[in-house]
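Enquirer: Below is the sequence, then the predicted model.
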There are 2 protein chains.
Amino acid sequence: MEFYSSQINNLVEQLSRLPGIGAKSAQRIAFHILNMREDQAFALAGAITSAKKNVRCCKECCTYTDDELCPICRSPQRNHRQIMVVENPRDMAAYEKTGRYDGVYHVLHGAISPMAGIGPQDIKLSELMVRLQADVDEVIVATNKNLEGDTTATYISKLVKPLGIKVSRIASGVPAGGDLEYIDEVTLYRALEGRTDM
Amino acid sequence: MEFYSSQINNLVEQLSRLPGIGAKSAQRIAFHILNMREDQAFALAGAITSAKKNVRCCKECCTYTDDELCPICRSPQRNHRQIMVVENPRDMAAYEKTGRYDGVYHVLHGAISPMAGIGPQDIKLSELMVRLQADVDEVIVATNKNLEGDTTATYISKLVKPLGIKVSRIASGVPAGGDLEYIDEVTLYRALEGRTDM
């Protein structure tokens, strides 16, 4: 695209490296940025730089935060004896949105995946084990319901159970509003296996 | 989302203002940026700032460029007597990709839209009229084939014809590879109207 200037090309290229942004969207966003008011464009650039500079992992649960501790780990209203283990901060955000969980979290920043060469030492597992030295009643494993998530869940269960701490896994089944005929077989089977008394 | 830090919230909010990026994608991109190497994140922020600071409109055709003139307006290989009028730089890029046009362009940065309160004075029309004082053989109106684009085309035609300069409009019809049964009626009708001898 030599008909654009090098500055525009560079911006388009940088944007197209972001997840879910292809060449066309990158172009569209680049021109949108050029059309923005200057202060708005600078605010966007500033937000990137400043988030990258200041955001770090919570000392306790390893989610992203500006402070030593994230708001949840700091909160006295949360039950610090119940730890939900998730793969990434977005999963934590998803559970927070339910508004029904008052324990704390532990963010692994990944899942064990022998295929991708990600072992237990590559995710925040040792940080979890350190936390379990305090009084903890339950570890709820809320990793994804796929091969990597299930592998990670099994691994965690094997580490935690010997400590005498209860380990649970979130349920698998038909999603709310789910129409049985459109649900895959594995989910249907799991929903049957996990049936509860009425 | 008070469970994220304010820096992350700010980044997510800034990103979600970009076109085609919803709340979920903004979150995903924000965490991707936090996971990026620091130099990569700063390169992205730098590209935004520097493009916004340095990119301006070409003195001749009004497309975005770093210099006084864009590469196309600077080029002696292009036919400067043939001007294709487009709505925005992306449309210009689209025609450049065909590799079949050797004239120059004029970028309006919009189209006349009484509904949206955009009049002829809000787009780069006066800049086009200034250019037509030089020797120009043809003005090709390549605005979009919608209400705004067609209104703009008619308006330009009325301005340019009295100057004794040829004005043409890009053809409307069935797109290449188009399957007639899936094409809308307006397009089919226009394709019929615009039929050419074989």
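Expert: Done, it's in. Numbers count the residues shown, from 1 in each chain, chains lettered A, B, ... in the order given.
Enquirer: can you pull the buried residues of stretch A:142-158?
Expert: Judged by neighbour count (16 or more other Cβ atoms under 10 Å in any protein chain shown), stretch A:142-158 contains these buried residues: A:A142, A:T143, A:N144, A:K145, A:E148, A:G149, A:D150, A:T151, A:T152, A:A153, A:Y155, A:I156. Just so you know, the C-beta spots here come from the backbone N, C-alpha and C atoms, and that holds for glycine as well.
Enquirer: Filter the residues you listed down to the ones in strands?
Expert: Per DSSP state E, strands hold no members of the buried residues of stretch A:142-158.
Enquirer: what residues go with each domain of chain A?
Expert: Using automatic domain parsing, the domain parsing of chain A gives A:6-54, A:76-197.
Enquirer: Please work out which of the ones you listed is packed deepest.
Expert: Ranked by mean neighbour count under mean count of other Cβ atoms under 10 Å in any protein chain shown, the domains of chain A are led by domain A:6-54, which reaches a mean of 18.
Enquirer: and the residue nearest to the spatial centre of chain A, what does it touch?
Expert: The centroid of chain A falls nearest to A:N88 when counting by Cα atoms, centre = their mean (2.0 Å). By Cβ atoms under 8 Å, 6 or more residues apart in numbering or on different chains, the residues touching A:N88 are A:V107, A:L108, A:H109, A:G110, B:F31.
Enquirer: want to try CSV for the residues you listed, with distance to A:I8 and pLDDT as columns?
Expert: Listed next are those as CSV, based on distance: Cβ to Cβ, whole Å; pLDDT from 0 to 100:
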residue, distance to A:I8, pLDDT
A:V107, 37, 96
A:L108, 39, 96
A:H109, 34, 94
A:G110, 35, 93
B:F31, 27, 91
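Enquirer: Could you list the low-confidence segments of chain A?
Expert: Scanning chain A with the threshold set as pLDDT under 70 gives A:1-3.
Enquirer: does any part of the top strand by length along it sit near chain B?
Expert: The longest strand of chain A (DSSP E) is strand A:79-86. No - using Cβ under 8 Å from any Cβ of the partner chain, we find that strand A:79-86 stays clear of chain B, coming within 12.1 Å at best.
Enquirer: follow-up on the earlier one: tell me which of the contacts of A:N88 fall in helices.
Expert: Per DSSP state H, helices hold the following members of those: B:F31.
Enquirer: quick one, strands of chain A?
Expert: Using DSSP E, the strands assigned to chain A run over residues A:56-57, A:64-65, A:79-86, A:103-107, A:138-141, A:166-169.
Enquirer: Name the strands paired with the third one and say parallel or antiparallel.
Expert: For strand A:79-86, the paired strands and their directions (DSSP bridges) are strand A:103-107 (parallel), strand A:138-141 (parallel).
Enquirer: Could you list the residues in contact with the lengthiest helix in chain A?
Expert: Criterion DSSP H: the longest helix present in chain A is helix A:38-54. For helix A:38-54, the external contacting residues (Cβ under 8 Å, 6+ apart) are A:33, A:36, A:66, B:7-8, B:10-11, B:13-15, B:17-18, B:30, B:33-34, B:36, B:38, B:41-42, B:44-46, B:48-49, B:52.
Enquirer: at 6 Å instead, please
Expert: Helix A:38-54 has contacts (Cβ atoms under 6 Å, 6 or more residues apart in numbering or on different chains) with A:33, A:66, B:7, B:10-11, B:14, B:33, B:41, B:44-45, B:48-49, B:52.
Enquirer: that older thread, turn the strands of chain A into CSV, columns for distance to B:K97.
Expert: As requested, the strands of chain A are exported to CSV (distance: least, Cβ to Cβ, whole Å):
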stretch, distance to B:K97
strand A:56-57, 44
strand A:64-65, 40
strand A:79-86, 44
strand A:103-107, 44
strand A:138-141, 50
strand A:166-169, 51
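Enquirer: wait, which of the ones you listed is closest to B:D102?
Expert: strand A:64-65 (51.7 Å; Cβ to Cβ).
Enquirer: Which residue lies closest in space to A:R56, excluding its sequence neighbours?
Expert: A:T65 (6.9 Å; Cβ to Cβ, 6 or more residues apart in numbering or on different chains).
Enquirer: Many thanks, we can stop here.
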